[in-house]
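Visitor: sequence first, predicted coordinates after that:
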Amino acid sequence: MKPDAQDVLAYLTEQMLTQIAPKVQPPYLAGTIGMIGAALAVLTEEWDRAAHRLVEENRAIRALFRKAESLSLEAGLAGELRALAGGEDDDLHIKALDAGNAALRSVLIRLQTAVETRGDAASKALNEAIWAELTASTVRRQQASAPF
Amino acid sequence: MSELTEDRIAGYIASRLEGARDVVVDKLFRISGGASRETYRLWLRYVAADGSRVERPLILRRDPPDSLIDTERLIEFSAYRAFHGSAVPVPEMLWLEQDPSHLDFPFFIAEEIAGFEAAPGILLNEPYLRHKAKMGLQKWTILGEIAKADPEVLGLTRIMPPVTVETAWSQALDYWEGVIDEDELSPQPIIRAAIRWLRANPPPPAQKISVVHGDYRTGNFLYDTEGDIHGILDWEMSHLGDPLEDLGWTLNRIWCWAQDDLRGALLPRDEAIAIWETASGLKADPAALHWWELFNCVKGQGIWVSSAKAWSDGQNKDPILIVSSWRLLNSQDRAALELMGRL
């Protein structure tokens, strides 16, 4: 798509927030336009990076699941980890990547719950690796306009 | 459902004003007042029973089909009423109507404290910027007054669900974990880890049971160009609980609107705590406050996932629900990570 979609979204957002919203009456509608502009600003940031972010994150979580294979875990969880660890993101549509990400993060919660209270070195190391990935996930999602 | 008109509102008010005549409502328009209730500004004029002419600006808050927070309007109305005329500035509540036959949904009408700002973004510019320390002093002093107040004397123990000093933390955590269980549209591994930590490391019993405003933050009070605060708004999440809950919410990183370390875009964390301690006469034990700050990340995430759910379900398409969930979910996760020493 030319012009680039991200450039277009950024321009339309700027127009909406600086040229249109201040002239809209009544104030409630102006506020609504401002909120629509704020939503577009988020989309502008996400447009280019969303697929990359999700693929990167899904790979990182699958790598954590492979590390867990050496641990003695409850059979049901271990089976799910094995099944998901070998997966790949063949469908690169955002919705498909997002669904895959949700499935992975759901099992990641169960994995961390299982290992975080164990005292052995391998479990501790995996728990630290999970924390590192969770921290990295918030960096991938960070937005320029976010308060923190 | 018929249109909300000036005549319908005037008809309702006329039925509540004994002896009044020539009741007129005009200048009705909707304003931004958060996503939990529809908020309207209006002017009321009438001739009172004693013959005097009355004219006053009012606010009408009406329940929408679905809102950001499921709340009891009676509790919100009662909290406002309880603090009216005290050291905690609030608008006067006039009528609460739970019968939806009048204006299609339950609503209440209050005086408007007119002519002031509430939006946090405006604070980042002059002339407000130069008054941030003064406003911060007032903000955390008023919160201290709320914490100091006796809910029994205020009459709120008859309205709000009971809680004990031992169970305040678990009741609050149970509630917000339940909200996340019910409303999350995608898994939340960071907040789930926070919940596990909070349950494994409970705080000490509350020093006392206070009225907890529930959403006390920059953005929910009215201020002027001199840095004075004129009204504390949005009591819809008020309840009885540990006063550290409110303090922790004010310190939440997601309210650092200037993207720096000033809490609520007003004061450094330690200064805010010191002001609150002086005003409330209570202590903010560091370990207990840390628990409540992390708890408030869970509570915040409960609100943001509920926003996303309410919009996705289609019952409330207010764009504020999109923006609040998109913009704050990740910030809330980062706030939790920082408190858990992971950022």
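Guide: Received, thanks.

Visitor: does B:Ile75 touch B:Gly155 like I think?
Guide: No - with the criterion set as CB atoms under 8 Å, B:Ile75 and B:Gly155 do not qualify as a contacting pair; they are 12.0 Å apart. Where you see a C-beta, it was placed from the backbone N, CA and C, and this is true even at glycine.

Visitor: what sits closest to residue 124 if chain neighbours are left out?
Guide: You didn't pick a chain, so chain A it is. Spatial nearest neighbour of A:Lys124, excluding adjacent residues (CB to CB, 6 or more residues apart in numbering or on different chains): A:Arg118 at 7.4 Å.

Visitor: sorry, should have said chain B
Guide: Excluding its sequence neighbours, the residue lying closest to B:Leu124 (CB to CB, 6+ apart) is B:Ala258, at 5.6 Å.

Visitor: and the one you found, what element?
Guide: Assigned by DSSP states H and E, B:Ala258 belongs to no helix or strand.

Visitor: that one: neighbouring residues, count only.
Guide: Residues lying near B:Ala258 (other CB atoms under 10 Å in any protein chain shown) number 16.

Visitor: likewise for the one 5 residues further on?
Guide: As a burial measure, B:Arg263 scores 25 neighbours (other CB under 10 Å).

Visitor: tell me how far stretch B:148-166 is from the chain's mean position?
Guide: When distances are taken as CA atoms, centre = their mean, to the nearest Å, stretch B:148-166 is centred 18 Å away from the chain's centroid.

Visitor: kindly apply the preceding question to stretch B:303-312 instead.
Guide: 17 Å.

Visitor: for that stretch, buried residues please.
Guide: Applying a neighbour-count criterion of 16 or more other CB atoms under 10 Å in any protein chain shown, one finds B:303-311 buried in stretch B:303-312.

Visitor: is stretch A:66-86 positioned near chain B?
Guide: No - using CB under 8 Å from any CB of the partner chain as the criterion, no contacts between stretch A:66-86 and chain B are found, and the smallest distance is 13.1 Å.

Visitor: mean confidence score for that stretch?
Guide: Mean per-residue pLDDT for stretch A:66-86: 96.

Visitor: could you do stretch B:204-217 as well?
Guide: Average pLDDT, stretch B:204-217: 98.

Visitor: any chance you could list what contacts the helix or strand harbouring A:Thr135?
Guide: In the assignment (DSSP H and E), A:Thr135 maps to helix A:121-141. By CB atoms under 8 Å, 6 or more residues apart in numbering or on different chains, the surrounding residues in contact with helix A:121-141 are A:49, A:53, A:56-57, A:60-61, A:64, A:67-68, A:70-71, A:108, A:111-112, A:115-116, A:118, B:189-190, B:193, B:330, B:333-334, B:337, B:342-343.

Visitor: from chain A, how far out is B:Tyr46?
Guide: Distance from B:Tyr46 to chain A, counting by CB to the nearest CB, to the nearest Å: 24 Å.

Visitor: next, B:Arg45: phi, psi?
Guide: phi -130, psi 140 (degrees, to the nearest 10).

Visitor: quick check, it in contact with B:Ser52.
Guide: No - with the criterion set as CB under 8 Å, B:Arg45 and B:Ser52 do not qualify as a contacting pair; they are 11.7 Å apart.

Visitor: who's more crowded, the two?
Guide: Neighbours were tallied for B:Arg45 and for B:Ser52 using other CB under 10 Å; the higher tally belongs to B:Arg45 (14 against 8).

Visitor: report the beta-bridge partners for the more buried one.
Guide: For B:Arg45, the residues forming beta bridges with it (DSSP bridges) are B:Val24, B:Glu55.

Visitor: now do the same contact list for it.
Guide: B:22-26, B:53-55.

Visitor: the helix or strand encompassing A:Asp7 near chain B anywhere?
Guide: Remark: A:Asp7 resides in helix A:5-15, with elements defined by DSSP H and E. No - in this structure, helix A:5-15 remains apart from chain B according to CB under 8 Å from any CB; the gap is never smaller than 12.2 Å.
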